[in-house]
Each structure stands twice: as structure tokens, then as C-alpha cells.
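1. A structural model of the following input is requested.
(2 chains)
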Amino acid sequence: MISNDQFYQTLRLRFGFDSFRPGQLEALTSLASGQNTLAVLPTGAGKTLIYELYGAVTHQLVLVVSPLISLMQDQVISLNVRGEKRAAALTSQMSRSEHQWVVNHLKFYRYLFVSPEMLSQPQVLAAVKAVKPGLLVVDEAHCISTWGPDFRPEYLLLGQIRHQLGDPLTLMTTATATNRVKADIKRKMQLSKAAEIIQPVDRPNIFLDVERFEAADDKDARLVELVSELRTPGVIYFSSKKKANEMAELLNAKTSCRVAAYHADLDAETRFKVQQQFMQDQLDVICATSAFGMGIDKNNIRFVIHYHLPGDLESYWQEIGRAGRDGQQSVAILLYLSGDEQLSQFLSDATVPQDDEISYYFKHQPQENSAEKANLIWFYKQHGYREEQIKLAFTKRREQRALALSQLMTYVRIPTCKRAFIQGYFGQPIASKVSQCCVNDSEGLDLQQLGLLVSTPVSSGTQQADWQTIIAQLFNFS
DNA sequence: CGGTCTTGGTGTACACCAAGACCGGTGCGGTACT
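-> Just a heads-up that it's a prediction; the model follows:
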């Protein structure tokens, strides 16, 4: 049994901190007592420190399942910078020989990062199993719930994979989880008895505003007005890459802000560049799709605007939660145009196959140019799912997405306190009432009163950050 | 699904409308090609 003293000692030696942030020690103690643990901690609470410290104290392999290659690379660099060289990310971006070298030398590593897809490969799984990891970490664990079964189906295999690894001690971490998502994560990981470490998710410094429109032109005009008036930096979310491009161009032309688009069509180099420029305050506003966000830890974002509806309230909370990490007053504005929910509906229908499609694709092996749905169904068939099971899973998924959309629409329309509604949705008690709460409590959005009006014209000579600051921002230190 | 843009036919020469086409998010790994 590991004592708290050991954790404190390692915290001092390795990180130079004297105390833990809320939730960290609780999670470590829970793991040390042998309990599988689901830790719901706000971004920036230092979820990484938990498993890094656990590995350092126990001297066993920590296997981290992560959704994005860029996230894995950030973590490896950050470990390296702290002097931990025994960290690697096993990804498709390595050459065949590099990949093979890591697989053959797993016992030399203390931290190994993999995607669910990579871990599903029999050769990788066997090699990891042979090393007997002391801790399995599922980072951004809400992905298990929000992405399966119609996107990245390997996430649904993680429960099974965990058994194949010999049921190692498991830590699941996420920043946002309703009771439904928490239950879904545990069920799919087959860890119904996992302990929960929960920190409150309310963000009292984010004012909640919803504005409704009947004409598209009115919404566009309001967006331009808001971006002209609001203090930056800010993020605007879209459900269309084309619209994100168009609006970035329009805002560059009509406001004094420096604006760029960010979505999956950009090549890796441009994406990296846009992200870094935003981090370093060389860009004021990002017009993004849902591709933007995970791993972004910028503390001075003043506004998050939604031009289109997100998929559900969990995503909404996650996206607006990127504002105001520094604790300063910030604002979340949802611009709703009548009929916007039809785009959400379409995006859901486009990836969730119907029963007749499932029957067809179940019998016909996908060809090279087959639809994503065809590959999806074949994937489940190859993993032993029966046709009826697949139909049931997707029917449930369709119902769940429809419900999520209707709950979001309730948020849009509800005439009472928006924060009270969301806190209720997350199953958390309402924190003490804040004075700047939401549009319904304050009779509208008053930027002056919130202190969010841009006071001075943008950019009076760009300030050059010193190189230490730039490097620190690059690697996400805090 | 539903809005927006393009195409094509009409009847009488440049405008009009109806029918049809098009579009709409998130990423991993691997494989086949230059």
C-alpha cells in the first residue's frame, strides 16, 4: 500500500509543488487502495499529474489511451521536459522500424500513449500484455460515450481489451460528465463499481446568453456586431467548415480582429500554426468546428460564441468551458436561427445507419470506396456482434441523439435561469447564485456591465513574448 | 430534411419560374498509388 507521504514526496521532488490541487490526492489514494477510478475534474485541474505521479511512485508501466495523436505528443514532450525520458507515443506517424523498436522494448518505458485503434491491434495488445501495465488510463473518457458507436468504434472495445490485458487497475479521466455519461463510461468499460472523484463543474464567471433569430442575415449581422464589441480572444463554433471559412473572411474584412478558421480540412501544418498563433495572442478570434478544442489550455479566452448548435449539452458545456479559465468574467453566446436544429438532425442521420442499411451492409463486405457506415457495420460483424445487436445499438444511439438535441432546444427556449437548467441537467446542486448569471436573470446581455466591451482599439504594436514564455505555451506548462 | 443555388424550358428576345442539384462534423490506422 502506497502512503500519501510517498505521493507528497514525489510531488515535491518531481514537480516542486507542496500541495495537490482539488481531486488529485483523492484520485491517487483511491488508486493506491486498488480501486478503479473515474475522475471528473475540470480542465486545468492537472489530470495528467495523477497518472504521472502514480507511475513515478509504483515504477510500473502506465498505459494511457488517448483520443488524439497531438495530445499524446504534447504529453510525451511535457514528460521529457521534466526529465522523464521513458515516455513514448505509439502512433501511425512512426516509421515501421521505429514502431517495431518501441513494441520490442516496452519494458524500458514507464509511460506509453496509444489510441484505441492502435491498442486494438493484436500484435500491440500482446506486447503490452506481456509487460503487465500497473495502470491503464483512459484519458478524455467521455469519448467512450459521445463517439461510440457511430464514430471511432474501437472505443467500444476498450472494456474487452481491458479484460484481455488481465484487468489492470484503471483510471478514467474527463472534464465533463453527466450522470448518464458517467454511467455509460462505466458500463462500456465494464467497471460498474469504479469509484468516482467528482469536482463541481459550474463555471460562475461565464455569463450565459442565448439569442434567437428569424432571418440568417440578422444572425450574421449580430455576429459581426458582437465580434466588433467584445473583448478578445474568443472562439466561434460552427457545424460547417464552409461557413467557418466564410465567416472568418467576413470578420477579417468587417472588424479590426485578426481571425482564422480551424477545421479538419486544413493540413496538419496550418492547424498547428493557427493554434499556436491563437495561443500566443497573434490571432484574436478562431472560427472553428468541433475539431478545435481538446488539449487547448488557454486561460484568457473571453468569449465562446456558437453560430450553430452543438450536438448536445455536454459538448456545449465542454466548448464554452474553454472561456474564462483565468477566473475573469467571460461570456458564452448561443446564436439560434429558427431551423438550425435541422442541421444537427442531418449530421446525426448521416452517420447513424438505419435498420435496412444495417441488414444490407451486414451481408455485403465493404469495397474500397464504400460509405463509412458500411465499414462501421463490417467492423462490428468482424468483432462478433450479431445483426440484431447492431440494430439495437444504433436504434438506441439515434434515440439518444434525438433526446440530446431536444434537451439542447429546451436550453435554448427555457425562459427561466439557464444556469439552473444546466446544473440540473448535470445532476449537480446549484452553486451560490452569481450576480452576472444568464440572459434570463439579467434581462439581456450587457457587455458594458460585464466589463467585456473592447476598451481600446486592437493591437497598439504587438508585444513580443520572451522565448521562455513561448516555449512554455508551446508545451502547455502551467 | 430544407434552404439555396443552378439549370433549362417557355414564349416571344430578355425576363420568369419550375424542376433539379447540392450541401451539412469529429480521427484513427493502413493501403495503394506516384
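2. distance of the residue sitting furthest away from the middle of chain A from A:Glu357?
-> Going by Cα atoms, centre = their mean, the residue of chain A most distant from its centre is A:Lys363, 35.4 Å out. Distance of A:Lys363 to A:Glu357, given as Cβ to Cβ, to the nearest Å: 11 Å. In this view, the C-beta of every residue, glycine as well, is placed from N, C-alpha and C.
3. what about A:Arg258, how many neighbours?
-> 19 (other Cβ atoms under 10 Å).
4. Flag the shaky bits of chain A, pLDDT-wise.
-> Residue ranges of chain A with pLDDT under 70: A:431, A:456-478.
5. Just want the most central residue of it.
-> Nearest to the geometric centre of chain A sits A:Met294, at 4.2 Å (Cα atoms, centre = their mean).
6. wait, isn't that one in contact with A:Pro67?
-> Yes. With contacts counted by Cβ atoms under 8 Å, A:Met294 reaches A:Pro67, the gap being 6.9 Å.
7. list the residues that contact both of these two?
-> A:Glu140 (Cβ atoms under 8 Å, 6 or more residues apart in numbering).
8. what kind of secondary structure is A:Ile333 in?
-> Following DSSP: H, G, I helix; E, B strand; the rest coil, we place A:Ile333 in the strand state.
9. can you tell me how far it sits from A:Arg212?
-> Distance from A:Ile333 to A:Arg212, by Cβ to Cβ: 12 Å.
10. Between the two, tell me which one has more neighbours.
-> Higher neighbour count among A:Ile333 and A:Arg212: A:Ile333, with 23 against 14, using other Cβ under 10 Å.
11. ok, that one - contacts?
-> Shown in contact with A:Ile333 (Cβ under 8 Å, 6+ apart): A:Asp209, A:Val210, A:Glu211, A:Leu226, A:Phe303, A:Val304, A:Ile305, A:His306, A:Leu445.
12. nearest to DNA strand B, of the residues you listed?
-> A:His306 (12.9 Å; Cβ to the nearest atom of the strand).
13. Mind listing the residues bridging to that closest one?
-> On the basis of DSSP bridges, A:His306 is bridged to A:Tyr237, A:Leu334.
14. That one: neighbour count?
-> Neighbours of A:His306 (other Cβ under 10 Å): 22.
15. which residues in the stretch 201-350 of chain A form strands?
-> A:206-213, A:234-237, A:259-262, A:285-288, A:303-306, A:330-337 (DSSP state E, counting those that start in this stretch).
16. So which residues on the stretch 251-400 of chain A come close to DNA strand B?
-> A:263-265, A:289-291, A:311, A:339, A:342-343, A:345-348, A:350-351, A:372 (Cβ under 7 Å from any atom of the strand).
17. So which of those belong to helices?
-> In this view, these that belong to helices under DSSP state H are A:Gln342, A:Leu343, A:Gln345, A:Phe346, A:Leu347, A:Ser348, A:Ala350, A:Thr351, A:Glu372.
18. what residues are up against the nearest residue to the last one once chain neighbours are set aside?
-> In space, not counting the residues next to it along the chain, A:Glu372 is nearest to A:Thr351; the distance is 6.9 Å by Cβ to Cβ, 6 or more residues apart in numbering. Taking Cβ under 8 Å, 6+ apart as the contact definition, A:Thr351 lies against A:Asp150, A:Phe151, A:Glu372, A:Lys373.
19. host element of the second one?
-> Per DSSP states H and E, A:Phe151 falls between elements, in no helix or strand.
20. next one: phi and psi at it?
-> phi -140, psi 130 (degrees, to the nearest 10).
21. check contacts around it.
-> Counting by Cβ under 8 Å, 6+ apart, A:Phe151 has contacts A:Thr351.
22. Output the strands of the stretch 201-350 of chain A in JSON lines, with distance to A:Val128 appended to each entry.
-> Below are the strands of the stretch 201-350 of chain A laid out as JSON lines (distance: least, Cβ to Cβ, whole Å):
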{"stretch": "strand A:206-213", "distance to A:Val128": "40"}
{"stretch": "strand A:234-237", "distance to A:Val128": "36"}
{"stretch": "strand A:259-262", "distance to A:Val128": "34"}
{"stretch": "strand A:285-288", "distance to A:Val128": "34"}
{"stretch": "strand A:303-306", "distance to A:Val128": "38"}
{"stretch": "strand A:330-337", "distance to A:Val128": "41"}
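23. In PyMOL, how would I select the buried members of the contacts of A:Thr351?
-> In PyMOL syntax, the buried subset of those is picked out as below (16 or more other Cβ atoms under 10 Å):
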select buried, chain A and resi 150+373
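24. ok, which pair from the contacts of A:Thr351 is furthest apart?
-> A:Phe151 and A:Lys373 (11.1 Å; Cβ to Cβ).
25. what's the burial count for A:Arg401?
-> Counted with other Cβ under 10 Å, A:Arg401 comes out at 20.
26. For the closest residue to it other than its chain neighbours, which residues are in contact?
-> The shortest distance from A:Arg401 to any residue other than its chain neighbours is 4.5 Å, reached at A:Ser348 (Cβ to Cβ, 6+ apart). By Cβ under 8 Å, 6+ apart, the contact list for A:Ser348 reads A:Gly311, A:Arg398, A:Arg401, A:Ala402, A:Leu405.
27. separation between A:Ser348 and A:Gly23?
-> A:Ser348 is 33 Å from A:Gly23, by Cβ to Cβ.
28. swap in A:Asp281?
-> 30 Å.
29. again with A:Gly166
-> Taking Cβ to Cβ, one finds A:Gly166 at 28 Å from A:Gly23.
30. what's the answer for A:Gly444, then?
-> A:Gly444 is 36 Å from A:Gly23, by Cβ to Cβ.
31. more crowded one of these two?
-> A:Gly23 (20 against 9).
32. My guess is the more buried one contacts A:Leu41. True?
-> Yes. Counting by Cβ under 8 Å, A:Gly23 does reach A:Leu41; the two are 4.6 Å apart.
33. Now for the two: what residues contact both?
-> Shared contacts of A:Gly23 and A:Leu41, counting by Cβ under 8 Å, 6+ apart, come down to A:Ile197, A:Gln199.
34. What is the nearest of the contacts of A:Thr351 to A:His99?
-> A:Phe151 (25.0 Å).
35. how about the closest residue to A:Pro204 other than its chain neighbours, phi and psi?
-> Once flanking residues are discounted, A:Pro204 sits nearest to A:Val434: 4.4 Å by Cβ to Cβ, 6+ apart. When read as degrees, to the nearest 10, the backbone of A:Val434 gives phi -90, psi 150.
36. which residues touch A:Val434?
-> A:Pro204, A:Asn205, A:Arg419.
37. Name the helix or strand for the last one, please.
-> Assigned by DSSP H and E, A:Arg419 falls within helix A:418-425.
38. Now do that helix and strand A:330-337, the angle between them.
-> Counting by axes from the mean of the first three to the mean of the last three Cα atoms, to 10 degrees, helix A:418-425 lies at 90 degrees to strand A:330-337.
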